[in-house]
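Provide a 3D model corresponding to the input given below.
(one chain, ligands or ions: 1)
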Amino acid sequence: MNIKELDKKYVLPTYARGDVEFVSGKNARLMDADGKEYIDFTSGIGVVSVGHANDRVNAAICKQISEITHTSNLYHIAAQASAAQKIVEASGYDMQCFFGNSGAEANEGAIKIARKYGEKDGEIKRYKIITLQHSFHGRTITTVKATGQASMHNYFGPFPDGFVYADTMSDIEGLLDDHTCAVMIELVQGEGGVQPQDKAEVKALEKLLKSKGVLLIVDEVQTGAYRTGEFLASNVYDITPDIVTLAKGIGGGVPIGVVMTSLKDVLTAGDHGSTFGGNFLSTAATCEVLDILKEYKDSGNLEYITKYFNEVLDGFFKANKELFTQKVGIGLMCGLRVKDADTLSAILNAAKENGVMVLKAGKNTLRFLPPLTITKEEIDEGFTSLNRAISSL
Ligand SMILES: Cc1ncc(COP(=O)(O)O)c(C=O)c1O
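The predicted structure follows:
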């Protein structure tokens, strides 16, 4: 049986997979099983932040696994402590970290912290968490319910109670009540359509929540790890959340999720845990990814390539106004609104045929999440292929 047949026979069909099998990669380049090359403007949905087959990350992983891979969280893990230090220092916040294995798990941790915080003081149990329409927070039963998209709430019930959805940021205030413990938002909604929040509204929300003792949780699973120009989008928006979640880009490809919080005494021994979370393998890789990205940011290279990518994308948008209605996003989390969903799916197919991988977000957004280390040459090559794809429509 070939891979396609094996996949069909043995893997549950939860993904509508594209018919391509990548076998290797280098930075923003991918190669498929037939030897065809592609430019990758997806980085594995925002994961491969330092590119495919990064030499430094590979060396760090090889060194770590040649010594020790896993012991459990019952004992000290040097790489975990270092990764936590690097994450906290990069954020600029006074926080501590808990390590899991995915974005959804990080958000589960955030919800548990908020719920325990809401239960600890006072007579009224505060459990309500407000999230936004079009948000995306994960695929576990609780994070599906936290996700403000009705289509995600088909089947799987009964769900955990206590999630309330605000249509817009300005509707949040009207939904706060004595039972509310937290508000959870993405500063740039990723899966919802690369939709940035308004900075003044976010600052006003932060102030409102602080005055009411309601926690602000920022889901940075997609926006974190310098995707929007600073370590966190919260840094770009100049706010201080109570809880931040991270995953995707901080591991560069190894499964990792982090919930970090300034509420250091809410969770105590036995409240939360993970067998794999923060093991030697994932945190050694994360330490190296964070070192690379910090050097890249400090040298000015991240800003340089972000500007270049956005200039080229802007030119592409302006040259194809009959297809695209708006350019959206921040940093290297970018999108083009496509005039309709059918045109978007035609573009995605033509892009793949022409050797450039791009993503869909929401109903009608063409999404770009390139590796942060993408080169000028890779950007030029990717847009040459994309132009060819557009001409073929
Ligand atoms: C903002 C956000 N939160 C949570 C998740 C879930 O992350 P994971 O798939 O690692 O569980 C995602 C994944 O796309 C995301 O974009």
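
quick one: contacts of stretch 14-34?
3-4, 7, 37-41, 43, 48, 51-54, 352, 357, 370-371, 373-375, 378, 382 (Cβ atoms under 8 Å, 6 or more residues apart in numbering). C-beta here means a position set from N, CA and C on the backbone, and glycine is covered the same way.

Generate a PyMOL selection restricted to the buried subset of these.
Remark: buried members of the contacts of stretch 14-34, expressed as a PyMOL selection using 16 or more other Cβ atoms under 10 Å:
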select buried, resi 38+39+40+41+43+48+51+52+54+352+357+370+371+373+374+378+382
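
Can you name the residue of the stretch 51-200 of the chain that approaches the ligand most closely?
Closest residue of the stretch 51-200 of the chain to the ligand, Cβ to the nearest ligand atom: residue 103 (2.3 Å).

Output the below-cut-off pLDDT ranges for the protein.
121-122 (pLDDT under 70).

Of the contacts of stretch 14-34, which belong to helices?
3, 4, 7, 43, 352, 378, 382 (DSSP state H).

Just after the helix or strand hosting residue 86, pick out the following helix or strand.
If you go by DSSP states H and E, residue 86 is part of helix 78-91. Following helix 78-91 in sequence order, the next helix or strand is strand 96-100 (DSSP H and E).

which residues does residue 332 contact?
Applying Cβ under 8 Å, 6+ apart to residue 332 gives the contacts 227, 228, 305, 306, 309, 368, 369, 370, 372, 374.

Farthest-apart pair in those residues, please.
Greatest spatial distance among these (Cβ to Cβ): 228 and 374, at 15.5 Å.

ok and the residue in the stretch 251-393 of the chain nearest the ligand?
residue 257 (6.3 Å).

Hmm, that residue is touching residue 97, no?
No: applying Cβ atoms under 8 Å, one finds residue 257 not in contact with residue 97, separated by 10.3 Å.

beta partners of the residue of the stretch 251-393 of the chain closest to the ligand?
residue 100 (DSSP bridges).

Name the residue in residue 257 and residue 97 with the higher neighbour count.
Taking other Cβ atoms under 10 Å, residue 257 and residue 97 do not tie; residue 257 has more neighbours (28 against 22).

need the residues of the stretch 201-350 of the chain near the ligand, please.
The stretch 201-350 of the chain has residues 219, 221, 222, 247 near the ligand, with proximity defined as Cβ under 6 Å from any ligand atom.

Which strand or helix spans the third one?
Using DSSP H and E, no element contains residue 222; it sits outside every helix and strand.

Could you pull up the residues touching the nearest residue to it once chain neighbours are set aside?
For residue 222, ignoring the flanking residues on the chain, the nearest one in space by Cβ to Cβ, 6 or more residues apart in numbering is residue 190 at 3.8 Å. Going by Cβ under 8 Å, 6+ apart, residue 190 touches 46, 136, 221, 222, 223, 333, 361, 367.

Dig out what the last one forms beta bridges with.
Translated: residue 367. Taking DSSP bridges as the rule, residue 367 bridges to residue 335, residue 359.

Thought residue 335 was touching it, still the case?
Yes: between residue 367 and residue 335 a contact is recorded at 4.8 Å, counting by Cβ under 8 Å.

just the helices in the stretch 151-300 of the chain please.
For the stretch 151-300 of the chain, applying DSSP state H, counting those that start in this stretch gives helices covering 172-175, 199-212, 233-236, 280-298.

re earlier: using CSV, lay out the contacts of residue 190 together with neighbour count.
As requested, the contacts of residue 190 are exported to CSV (neighbours: other Cβ atoms under 10 Å):
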residue, neighbour count
46, 26
136, 28
221, 29
222, 28
223, 31
333, 25
361, 26
367, 25
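
Show me the two of those residues that sit farthest apart.
Pairwise distances across these (Cβ to Cβ) peak at 14.8 Å, for the pair 221 and 367.

quick one on the thing from earlier: who's in contact with the residue of the stretch 251-393 of the chain closest to the ligand?
Residue 257 touches 99-106, 109, 221, 245-247, 277, counting by Cβ under 8 Å, 6+ apart.

Give me the residue at the spatial middle of this structure.
residue 222 (1.6 Å; Cα atoms, centre = their mean).

quick one, what contacts it?
Residue 222 touches 46, 103, 186, 188, 190, 191, 248, 333, 369, counting by Cβ under 8 Å, 6+ apart.

burial measure for the third one, as a count.
Meaning residue 186. Residue 186: 25 surrounding residues under other Cβ under 10 Å.

Quick check: it touching residue 224?
No: taking contacts as Cβ under 8 Å, residue 186 lies outside contact range of residue 224: 10.4 Å.

Show me the contacts of residue 222 that map onto strands.
Cross-referencing these against strands under DSSP state E gives 188, 333.
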